[in-house]
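**Student:** My questions are about this predicted structure, shown below with the sequence.
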Amino acid sequence: MAKNLFFGDFFQPNLNPLECNALITEYGYDVFFSVTVFCLILGLGSYFFVDQTIAKSVLIASAILLFIFTLNFFQDPERVTPSGENLVISPADGTVIKIEDVVEEKYLKGEAKMVSIFMSPVNVHVNRNPITGTVGYFEYVKGEFFAAFEDKASLKNEQTHIGMENGKGKVFFKQIAGFIARRIVANVAVGDSVEAGKRFGMIKFGSRVDIYVPKSAEIRVVINQKTVAGETIVAEMK
């Protein structure tokens, strides 16, 4: 049976690449392979053409570290999603930084509960559908690039707004770009059928996801809790 290959697996002496699935998300192929080529040029160029020992060592180490960082960032592990039409599953890996009562006017159109998940550069950045149902709302919003953990990031940063619904209710969420992130991927459109836990996009290099559920929903996470996309239950709709 094939397995996913992650950074730590490269150090296993009995690793057989033929038994491994692709480890890099398809959403990041352009960046990953561009950085890989840059690292190869930097590393090999430093080795063959830089005479000063310290400078050569620093440049080669920098190339290796940049490659490792990029490899880790675009990893795409498999996840096991809990079943239940009323469960709202985390769309992102990260840390819960805010839970509050709000009014959501675009899709839920009423009182709601919001859960904010901050995705640091070391988190997996592939995003997954929070529920099984139908896409009822999609909007791309141009914006700034403030640090994703700041309150104003939710209003002013580049972001996509996505609404999904099923027989148990509606869920609205935002993919919000951060200070480093400059591109959001969201391969969904209004009318699409979606399955909870399946991949739909990513936010590249540090970001945040805000999830809005009806006020009647029970929040199942707490502040500072680590979330796993496609596995952590964020809320249960009542």
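**Tutor:** Looks like it came in fine. Numbering: from 1, shown residues only.

**Student:** Could the C-alpha coordinates of stretch 177-190 be exported in PDB?
**Tutor:** Presented in PDB, the C-alpha positions along stretch 177-190 are these (Å, rounded to 0.1, in the frame of the first residue of the first chain):
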ATOM      1  CA  ALA A 177      -4.000  36.000   3.500                       C
ATOM      2  CA  GLY A 178      -1.300  37.100   5.900                       C
ATOM      3  CA  PHE A 179       1.800  39.300   5.900                       C
ATOM      4  CA  ILE A 180       3.800  36.900   3.800                       C
ATOM      5  CA  ALA A 181       1.000  35.100   2.000                       C
ATOM      6  CA  ARG A 182       0.300  36.600  -1.400                       C
ATOM      7  CA  ARG A 183      -2.000  34.100  -3.100                       C
ATOM      8  CA  ILE A 184      -5.100  32.200  -2.000                       C
ATOM      9  CA  VAL A 185      -6.300  29.100  -3.900                       C
ATOM     10  CA  ALA A 186      -9.900  28.100  -3.700                       C
ATOM     11  CA  ASN A 187     -11.200  25.700  -6.300                       C
ATOM     12  CA  VAL A 188     -14.900  25.900  -5.600                       C
ATOM     13  CA  ALA A 189     -17.800  27.700  -7.200                       C
ATOM     14  CA  VAL A 190     -21.500  28.300  -6.300                       C
END
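
**Student:** what ranges do the helices span in the chain?
**Tutor:** Under the criterion DSSP state H, the chain carries helices at the ranges 29-49, 53-73, 153-156.

**Student:** With mean neighbour count added, can I get those in a markdown table?
**Tutor:** Any C-beta I mention is one placed from the backbone N, CA and C, and that applies to glycine too. Conversion of the helices of the chain to a markdown table gives the following (neighbours: other C-beta atoms under 10 Å):
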| stretch | mean neighbour count |
| --- | --- |
| helix 29-49 | 14 |
| helix 53-73 | 15 |
| helix 153-156 | 18 |
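
**Student:** Could you identify which of these has the lowest mean pLDDT?
**Tutor:** Out of the helices of the chain, helix 153-156 stands lowest, with a mean of 67 (criterion: mean pLDDT).

**Student:** And the residue of the chain positioned farthest from its centre, its phi and psi?
**Tutor:** Of all residues in the chain, D51 has its C-alpha farthest from the mean position, at 41.4 Å, by C-alpha atoms, centre = their mean. Main-chain dihedrals, D51, degrees, to the nearest 10: phi -90, psi -30.
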